[in-house]
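> One predicted model, sequence on top.
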Number of protein chains: 2
Amino acid sequence: MTPTITAFERSPDRGKGQARDMRVRWALEEVGQPYDVRLVSFSEMKQAAHRALHPFGQIPTYEEGDLVLFESGAIVFHIAQHHAGLLPGDANARARAITWMFCALSTLEPPIVDRQYAVLQERDETWYTQRLPIVEDRIRVRLGELSARLGDADWLDGAFSAGDLLMVTVLRRLNGSGLLDEYPKLFAYVARGEARPAFKRAFDAQLAVFTAASTGR
Amino acid sequence: MTPTITAFERSPDRGKGQARDMRVRWALEEVGQPYDVRLVSFSEMKQAAHRALHPFGQIPTYEEGDLVLFESGAIVFHIAQHHAGLLPGDANARARAITWMFCALSTLEPPIVDRQYAVLQERDETWYTQRLPIVEDRIRVRLGELSARLGDADWLDGAFSAGDLLMVTVLRRLNGSGLLDEYPKLFAYVARGEARPAFKRAFDAQLAVFTAASTGR
């Protein structure tokens, strides 16, 4: 059965692939599962029909027969559990890969999202220039620790996994901030993720949506 | 094999059960799995020996034979996967319960932690009183949406699950803020979680650590 995901009709990142549908598209491409996409506008996202799928009025959602899921992490996990290629077969290695999934979303993403809130919503506040370095230093602490753990390895724990997939998409939210450039090992790690053919196919698919919306097609 | 978890030698919440070891203790109590606890000080947490277990120098960790895990969400998931009682057997219901696990940690916890950062680390900044209401309004949006989805149900999706366990512990981090009182359904939901015998056993165990540390025993 072909699953259907939702994505922004017009992504606020202008096709840079930082919206959370990118994670789900990438996971589906890694495992070779075709999918349909239903685009939703910002106003549709907040209406009852969409909230029945996603209580917080966001994207992505995932529909497959009777099953409806939200939360990009949970959707990627569902895909990884039902297809080979995103989680190791060995039980302990699998538990560690799942740990990196939670780590990407619980430990790395929150301070990175906090920075985006500051830049997007608090830019005109009197405290903006004074507080931004505090927020960025919190991110640096996490990046330094992550870089130390990654070391010279290609991926966080053995072969590429759903943990790396989520971590790369979380770190990509720093694009344009300059912060990732301070950690060459993480910069190279993100580049390795972006070089995967499945990433490129997913990226091109979400970019095509933005391009079509922009040109009115 | 009895697993060993780590917890604060002296919890900064003074035994209120808001530290992340509480989630793991509660999950272990729900499934009836005995466990050992190794207490770590703040300085030990940041040293190489502990960072080998937890790259970000935090608690809790989980050791079981050769397996080492960190991230409370991943540890609770591991426990739920290997014991009955925290995830439904039906595949779709199980995927939805896992969605609520990710939701608790990715959608609800970040703004709640942001408020704790503000209160603990930015209280003396000039912007504190002006910015706090902004942060609290972000939390209110999420609480309102969660309350609407919960409605008059006891738990988020059918029977109590690991998703409820994580959600209740995340909402408990609002204790003392007054915010939860604005959402009677969520207030009652948290109280239902706290009334579970397994919660009480876990709470008492972490409180005993703090009490012992305080009285010098």
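Received, thanks.
> element containing A:Leu69, please.
According to DSSP states H and E, A:Leu69 maps onto strand A:67-70.
> Skip ahead from that strand and say which helix or strand is next.
helix A:72-82.
> quick one on the thing from earlier: elements contacting the strand holding A:Leu69?
On a contact count with 3 or more CB pairs under 8 Å, 6 or more residues apart in numbering or on different chains; DSSP states H and E, strand A:67-70 meets strand A:61-64, helix B:91-103. All C-beta atoms are positioned from the backbone trio N, CA, C, and that covers glycine.
> List the residues that contact the residue of chain A positioned farthest from its centre.
Using CA atoms, centre = their mean, the residue of chain A lying farthest from its centre is A:Thr126. It sits 31.0 Å away. For A:Thr126, the contacting residues are B:Trp127, B:Gln130, by CB atoms under 8 Å, 6 or more residues apart in numbering or on different chains.
> Say whether chain B is contacted by the longest helix seen in chain A.
Counting residues, the longest helix found in chain A (DSSP state H) is helix A:128-150. Yes: contact between helix A:128-150 and chain B, assessed by CB under 8 Å from any CB of the partner chain, occurs at A:Gln130, A:Arg131, A:Ile134, A:Arg138, A:Arg142, A:Glu145, A:Leu146, A:Ala148, A:Arg149.
> out of the residues you listed, who has the most neighbours?
Highest neighbour count within the residues of helix A:128-150 next to chain B, by other CB atoms under 10 Å in any protein chain shown: A:Leu146, with 23 neighbours.
> What distance do you get for that one to B:Leu132?
30 Å (CB to CB, to the nearest Å).
> if we can go back for a sec, tell me which of the helices and strands packed on strand A:67-70 approaches A:Arg94 most closely.
Minimum separation from A:Arg94 across these (CB to CB) falls at helix B:91-103, 14.3 Å.
> quick one, helices of chain A?
Under DSSP H, chain A gives helices at A:21-31, A:42-45, A:48-51, A:72-82, A:91-103, A:109-121, A:128-150, A:162-172, A:184-194, A:197-214.
> Please name every helix or strand in contact with the longest one.
Packed against helix A:128-150, as judged by 3+ CB pairs under 8 Å, 6+ apart, are the following elements: helix A:109-121, helix A:184-194.
> So which residues make contact with it?
For helix A:128-150, contacts defined as CB under 8 Å, 6+ apart pick out A:107-108, A:111-112, A:114-115, A:118-119, A:122, A:156, A:167, A:174, A:177, A:179-180, A:182-183, A:185-186, A:189, B:51, B:55-57, B:117, B:121-122, B:125-127, B:131.
> can you pull the contacts of A:Leu207?
A:Gly15, A:Gly17.
> for the longest helix of chain A, what is the average pLDDT?
Across helix A:128-150, pLDDT averages out at 97.
> ok, for A:Ala97, nearest residue in space, not its chain neighbours?
Leaving out its chain neighbours, the residue that sits closest to A:Ala97 by CB to CB, 6 or more residues apart in numbering or on different chains is A:Ser161, at 3.9 Å.
> Test my guess that that neighbour contacts A:Leu87.
Yes: the pair A:Ser161 / A:Leu87 is scored as a contact, 5.9 Å apart, by CB atoms under 8 Å.
> any residues in contact with both of those two?
A:Ala80, A:Ala97.
> Pick out whichever of the two has more residues nearby.
A:Ser161 (25 against 21).
> mind listing what that one touches?
A:Ala80, A:Leu86, A:Leu87, A:Pro88, A:Ala97, A:Trp100, A:Trp155.
> Can you give me the pLDDT of the first one?
Read it as A:Ala80. pLDDT, A:Ala80: 98.
> and it, how many neighbours?
23.
> Skipping adjacent residues, who's closest to it in space?
A:Ala80 sits nearest to A:Leu86 (CB to CB, 6+ apart), 3.7 Å away.
> So the one you found sits against A:Leu28, correct?
No: A:Leu86 lies out of contact with A:Leu28 (CB under 8 Å); the separation is 10.2 Å.
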